[in-house]
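J.: prediction below, plus the sequence it came from.
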Amino acid sequence: MTTGTRSLAVIGIVLALASIPAYPDDNEDGVNFLQSKDYARALASFRKAASRGSALAQYNLGLMYDHGQGVTRDYKQASSWYEKAAARGLPQAQFNLGVMYARGLGVQRDYKRAVSWYEKAAAQGLASAQLNLGVLHEKGEGVPQDFARAVFWYQKAAAQSFADGQASLGAMYDEGKGVSQDYAKAMFWYEKAARQGHAGAQNNLGVMYDEGKGVARDYRKAMSWYLKAAQQGYAPAQASIGVLYDNGQGVPKDFQSAMYWYAQAAAQGNATGQNNLGTMYELGTGVARNYQQAISWYAKAAEQGYAPAQFNLGALYANRQSGRQDYVEAHKWLSVAAAHGYTNARQAIVAVERQMTREQIVEGQRRTSEWMKMHVITTPR
């Protein structure tokens, strides 16, 4: 049986894209040209209107440079035009300028300036700016980390039926960040976002039913929500569907289907999918046993810092039957898994060291140290 922690969607920590639609007024001709993809005439019209002080035309010029429409993509020019329009109070330009500062596109990354521009746009009711203020308060970027303040901004965005805001607010209630943990409220906000097709919220509803959080455990309902997210290409949901098929939870056990969904997730770089695909190859479930493929998939997940894969990779290197027995590599990966707090890793290290020379142990420790210098070590939830 393959196990896998269901992945709660990470919502509200990725800045919204700078892709607000163009707006017409005295630059209406430019908008029409832009919509018909006559970029040269659109550019000329926007420049003419911008020279007369049209904030909308200045903003639209920023969009063209931002997206490389009719011009070479130039974030510096985009930022310059957004700033002109933002100074005239256009909230969409203020938001996009905030994004440029948050990402360091065309300007030096500066979260404090990002916060300043988001606040101006948020004060005018722009939901995407309210969401991103929540993001920065949650992460502590440009402002002191303040979960309660993050919740405040997510509530503002959610009240406007902004799906990302609703899903982010649900996650705060789910995890008890800035509010008392309340699964019923988490479900409420996830459902609102999910009804708008938000894949992360659909996945998170799947997790609630899968784990019985605030509701009776129901694998069939979990599968239903995971499928909605998976069909949008959401990798964590694809991996979770694989686990349900692998374990026969809510569906008949089906290793071929499990392999399919793990592969879909793994192809997108999802560590759970990669690890579980490695397990299928190692055990020969749903596919012919192939230790080389197992090592390859474990390694992909292990390099991302996924502790179960690090442990599995170390154990496989220690296994004589794999044809790739390498106690030094086994020691390295088991030690890295232990540094991530993985259960049983230290016990496995002791067992491996009984088979190693002192020189091999020292080399394993050296490789572990080198790997950890290049990676951030976090303890899995």
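T.: Good, I have the coordinates. Numbering: from 1, shown residues only.

J.: look up how far Ser257 lies from Ala267.
T.: 16 Å (Cβ to Cβ, to the nearest Å). For the C-beta atoms, the positions are set from N, CA and C on the backbone; glycine is no exception.

J.: which one's more surrounded, those two?
T.: Ser257 (17 against 13; other Cβ atoms under 10 Å).

J.: excluding its backbone neighbours, what's nearest that one?
T.: Tyr245 (4.2 Å; Cβ to Cβ, 6 or more residues apart in numbering).

J.: show the model's pLDDT score for the one you found.
T.: Tyr245 is assigned a pLDDT of 97 by the prediction.

J.: distance-wise, check it relative to Arg195.
T.: Separation of Tyr245 from Arg195 (Cβ to Cβ): 26 Å.

J.: the two: which has the busier surroundings?
T.: Shown here are Tyr245 and Arg195; by other Cβ under 10 Å, Tyr245 has more neighbours (25 against 13).

J.: biggest helix in this structure, by residue count?
T.: helix 358-374 (DSSP state H).

J.: contact partners for Met208?
T.: Asp174, Tyr183, Ala186, Met187, Tyr190, Gly214, Val215, Ala222 (Cβ atoms under 8 Å, 6 or more residues apart in numbering).

J.: what about the closest residue in space to Asn270 that isn't next to it in sequence, how many neighbours?
T.: Nearest residue to Asn270, sequence neighbours excluded (Cβ to Cβ, 6+ apart): Ala235, at 3.9 Å. Residues lying near Ala235 (other Cβ under 10 Å) number 23.

J.: what does Thr72 give?
T.: Considering only other Cβ under 10 Å, Thr72 is surrounded by 7 other residues.

J.: also Ala87?
T.: Using other Cβ under 10 Å, Ala87 has 14 neighbouring residues.

J.: what does Ala40 give?
T.: 10.

J.: again with Tyr262
T.: For Tyr262, the number of neighbouring residues by other Cβ under 10 Å comes to 31.

J.: now Gly106
T.: 21.

J.: so it, which state does it fall into?
T.: Here Gly106 takes the coil state, with states given by DSSP: H, G, I helix; E, B strand; the rest coil.

J.: now it. Nearest residue, chain neighbours left out?
T.: Here the residue nearest Gly106, using Cβ to Cβ, 6+ apart, is Tyr75, at 3.1 Å.
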